[in-house]
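J.: Turn this into a model:
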Amino acid sequence: IGTVQLVHAGWSDPIDEYITNPNEDYFGRLAGINFVSGHTHVQSIHHFGERTYCNPGSVGQPRDGDPRAAFATFDGERFELHRVAYNMQRVFELMDAAGFNDYYYGGLKTGARNLRRLED
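T.: So this is what the prediction gives:
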């Protein structure tokens, strides 16, 4: 199985499942110890006995009210969550230049799920 199992969403549906309430029953039926998935864009770490589940959040679209880029590190034994600020205005400019419409700007400045561009 390896040290860490990674999927985009969940283990029942690796593409589209939202793990909004990680719990021991869900992870207890899986082989392995360390699990990582995203899809909800909400950072978290949960421990269930010897098992650990980590959602690193989202670098460009966090959805927990904190607009800074979210990510996690793993040192082979434990996960750690991190946040860093970045130049969102530059991202808007690059998205404009690439032809993206406002729908894709999401909650970059608010860290929310609103799907509209917020002006400075």
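J.: buried ones in the one helix or strand in the chain whose mean pLDDT sits lowest?
T.: None of the helices or strands of the chain scores lower by mean pLDDT, DSSP states H and E than helix 88-98, at a mean of 87. Within helix 88-98, the residues scored as buried using 16 or more other C-beta atoms under 10 Å are Met88, Phe92, Met95. Yep, even glycine has a C-beta here, placed from its N, CA and C like the rest.
J.: Do I have it right that the last one meets Tyr104?
T.: Which is Met95. Yes: with contact defined as C-beta atoms under 8 Å, Met95 and Tyr104 form a contacting pair (6.5 Å).
J.: quick one: Asp75 and Val7, what's the gap?
T.: 21 Å (C-beta to C-beta, to the nearest Å).
J.: The two: which is more packed in?
T.: With neighbours defined as other C-beta atoms under 10 Å, Asp75 and Val7 compare such that Val7 has more, 17 against 7.
J.: wait, what's in contact with the more buried one?
T.: Each residue near Val7 by C-beta atoms under 8 Å, 6 or more residues apart in numbering is listed here: Pro14, Val36, Ser37.
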